[in-house]
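**Student:** Below are the sequence and a predicted model; questions follow.
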Amino acid sequence: QVQLVESGGGLVRAGGSLRLSCAAPGRTFSLYHMAWFRQAPGKEREFVARIFRSGGATNYADSVKGRFTISGDIVKNTVYLQMDSLKPEDTAVYYCAAGVVWSASARYDYWGQGTQVTVSS
């Protein structure tokens with residue numbers, strides 16, 4: 001079982017920045033592809049960004065491209081989501097996920113509990 005723990009969420013004004021962290025045990029980031037998803041109230045969970053295991057290739061949803069950056073630290077076994085130029089529509093619970101399939105759909109094997117991000121206008 002892989003336990004993912006997100007942190008870094010909070011309340012920020014539009015145009016501001018936040019950095020989310022996803023801490024994983026052992027060699028998770030070396031063994032699994034990692035991704036961030038988000039779910040706003042009344043909406044389905046949606047893909048935000050993903051990173052190939054151990055770093056390298058990245059991919060983003062069109063809605064966040066150019067504003068969000070996913071990265072990882074193999075030594076710390078932590079994946080980050082730097083979110084800049086935040087908009088009220090970015091308000092959601094953000095989830096970290098780990099999986100063996102390189103996918104932008106929710107086909108991930110392990111999920112964190114989520115961290116709330118609220119962007120005020």
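**Tutor:** Right, received. Where do you want to start?

**Student:** List the buried residues in the lowest-mean-pLDDT helix or strand in the chain.
**Tutor:** When the helices and strands of the chain are scored by mean pLDDT, DSSP states H and E, helix 28-31 comes last with a mean of 89. Of all the residues in helix 28-31, those buried under the rule 16 or more other CB atoms under 10 Å are 28-29. Using the backbone N, CA and C atoms, a C-beta is placed for each residue, glycine as well.

**Student:** Dump the C-alpha coordinates for the helix or strand that it is followed by into CSV.
**Tutor:** Tracing the chain C-terminally past helix 28-31 and defining elements by DSSP states H and E, one meets strand 33-39 next. What follows is strand 33-39, C-alpha atoms only, in CSV (Å, rounded to 0.1, in the frame of the first residue of the first chain):
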residue,chain,number,x,y,z
HIS,A,33,4.1,7.9,-12.5
MET,A,34,2.7,10.7,-10.5
ALA,A,35,-0.2,13.1,-11.2
TRP,A,36,-2.3,15.8,-9.7
PHE,A,37,-6.1,15.8,-10.2
ARG,A,38,-8.7,18.2,-8.8
GLN,A,39,-12.4,18.1,-8.0
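
**Student:** Contacts for strand 33-39, please.
**Tutor:** 20, 22, 24, 28, 45-53, 70, 72, 79, 81, 90, 92-104, 106, 108, 114, 117 (CB atoms under 8 Å, 6 or more residues apart in numbering).

**Student:** hmm, 6 Å instead?
**Tutor:** 45, 47-53, 79, 81, 92-95, 97-99, 102 (CB atoms under 6 Å, 6 or more residues apart in numbering).

**Student:** Also stretch 14-28?
**Tutor:** Residues from elsewhere that reach stretch 14-28, judged by CB under 6 Å, 6+ apart: 2, 4-8, 12, 77-84, 86-88, 94, 96, 98, 119, 121.

**Student:** Mind checking which of the contacts of strand 33-39 land in strands?
**Tutor:** 47-51, 79, 81, 92-95, 97-99 (DSSP state E).
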